[in-house]
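Chemist: Could you look at this predicted model? Sequence included:
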Amino acid sequence: NHPMVDRLKDPIFFIGFPRSGTTIIFETFVQNPELGWLANYAEMWPRAISANILCRLLDNRFIRLRGQKKQYGIVRFGNRYLPQPVEAYAFWDYFTGIDFSHDYLIGQKADKAACHRVRDALKKAMSYQGKTRFTTKLTGPGRIGYLRSIFPDARFVHVIRDGRAVVESLLRMEFWDSKGGMDAPFWNNGLEADSIADWLQSDRDPVVLAAHQWNRIIETTLDESRALTGEQYVEVIYEDFVRSSRTVTNELLLWAGINGNAMESKVEKRGARLDDMNRKYLEVFTDKQIASMNRIMGPMLVQHGYAL
């Protein structure tokens, strides 16, 4: 145990638009044994902080039982009850007392009561896990200002991928359809009126809607990041990670001040396939849809090194 350690010092938040590679990059990073994270138990039973003891019992230097995402292959029996890092929006909604999951939270700060609830819950979770450094992943809006009101020394890793590939991948996801992402903005208080009007004029094309949301989320996250130093904020280009996952992960560990080297990631065995997936949108979308994406996201794509 580490009774004198500040378990919430310099917490690390991985942020980025869904389907940008945040999961594989985050899960490669958190193989480091120093790091604790919000587990699936925080999503299933957000108030049951003591359930985090299961992380300690099932995932330690003697036993290595972690749950696995289905996209990585066949999962073992009882997989959903094995510890694995998740975004745990049920946790954030409950302890912040707001609709954290579905809002950009631009210009918003947590009140003192919410700060206390969140920090107290996370300290207990890290204590049950026996970990000394907290990290987590949150997709969608960056929510940097709000999170910094709770964690003033927070660090942010912003994962960015070619927005056209992101849109193509997103529209294939069951959750995007089932939760209304094809028919309305997925997050509140973010898209501007002219973007909404452009989407409506496209006969509510889900491609146009997703493109505007990608662009707006990158834009607002970059705006919020301008208040941070290089020690507090770093961008990771997904395509760089695919080319050399260990190099990128080692650079992140060094940036975060964490000892140790990156372990093998699943992406190392699948890199070529993932590279190919980045251009699948050319086969799936119409010329009109591709032109719309390039128009909407073009300046942001070029800014991050993507060719139109």
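Modeler: It's in.
Chemist: pLDDT score assigned to the closest residue to residue 92 other than its chain neighbours?
Modeler: In space, and not counting its chain neighbours, residue 92 is closest to residue 100: 4.2 Å by Cβ to Cβ, 6 or more residues apart in numbering. Where C-beta positions appear, they are placed from N, C-alpha and C, glycine not excepted. Looking at residue 100, its pLDDT is 98.
Chemist: ok, now which ones touch residue 100?
Modeler: Residues in contact with residue 100 (Cβ atoms under 8 Å, 6 or more residues apart in numbering) are 89, 92, 93, 143, 146.
Chemist: Could you pull out the strands in this protein for me?
Modeler: 12-16, 35-36, 133-139, 155-160, 233-237 (DSSP state E).
Chemist: Could I get the buried residue list for stretch 29-39?
Modeler: Residues 29, 30, 32, 35, 36, 37, 38, 39 are the ones in stretch 29-39 that count as buried (16 or more other Cβ atoms under 10 Å).
Chemist: typed the wrong thing, it's stretch 238-247
Modeler: Those would be 238, 239, 241, 242, 245, 246, for stretch 238-247 by 16+ other Cβ under 10 Å.
Chemist: Now do the end-to-end distance for it.
Modeler: Criterion Cα to Cα, to the nearest Å; first-to-last residue distance in stretch 238-247 is 12 Å.
Chemist: Any regions of the stretch 101-250 of the chain where pLDDT drops low?
Modeler: Nowhere does the stretch 101-250 of the chain drop to pLDDT under 70.
Chemist: got TSV for the buried residues of stretch 29-39, with distance to residue 109 and pLDDT too?
Modeler: Formatted as TSV, these follow (distance: Cβ to Cβ, whole Å; pLDDT from 0 to 100):
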residue	distance to residue 109	pLDDT
29	27	94
30	27	91
32	31	86
35	26	92
36	25	92
37	24	93
38	21	93
39	27	90
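Chemist: Select the longest helix from this structure.
Modeler: When the chain is parsed with DSSP state H, its longest helix is helix 206-225.
Chemist: Need the contact partners of that one.
Modeler: Helix 206-225 is touched from outside by 15, 17, 104, 106, 140-142, 144-145, 156, 158, 160, 163-164, 166-167, 170-171, 181-187, 190-192, 195, 198-199, 202, 233, 285, 289, 292-293, 296-297, 300, with contacts defined as Cβ under 8 Å, 6+ apart.
Chemist: any idea of the angle it forms with strand 155-160?
Modeler: Orientation of helix 206-225 against strand 155-160 (axes from the mean of the first three to the mean of the last three Cα atoms, to 10 degrees) gives an angle of 150 degrees.
Chemist: Would you mark the buried spots in helix 206-225?
Modeler: Residues 206-218, 220-222, 224-225 are the ones in helix 206-225 that count as buried (16+ other Cβ under 10 Å).
Chemist: and it with strand 12-16, angle?
Modeler: Interaxial angle, helix 206-225 versus strand 12-16 (the same axes, to 10 degrees): 150 degrees.
Chemist: where's helix 206-225 relative to the chain centroid, distance-wise?
Modeler: Its chain's C-alpha centre and that of helix 206-225 lie 14 Å apart, by Cα atoms, centre = their mean, to the nearest Å.
Chemist: who are the neighbours in contact with the residue nearest to residue 108 when sequence neighbours are not counted?
Modeler: Of all residues not flanking residue 108 in the chain, residue 146 sits nearest, at 5.2 Å (Cβ to Cβ, 6+ apart). Applying Cβ under 8 Å, 6+ apart, we find residue 146 in contact with 100, 105, 108, 109, 110.
Chemist: Let me see the ranges of the helices in the stretch 151-300 of the chain.
Modeler: Under the criterion DSSP state H, counting those that start in this stretch, helices of the stretch 151-300 of the chain are mapped to 163-170, 174-178, 193-201, 206-225, 238-243, 245-256, 267-277, 281-284, 287-303.
Chemist: Compare those and give me the one nearest residue 115.
Modeler: Of all the helices of the stretch 151-300 of the chain, helix 206-225 sits nearest to residue 115, with 18.1 Å by Cβ to Cβ.
Chemist: orientation of that closest one relative to strand 233-237 in degrees?
Modeler: Using the same axes, to 10 degrees, helix 206-225 lies at 150 degrees relative to strand 233-237.
Chemist: Residue numbering should commence at 22 henceforth.
Modeler: Noted, 22 is the first residue going forward, which turns the last one into helix 227-246.
Chemist: All set, thanks.
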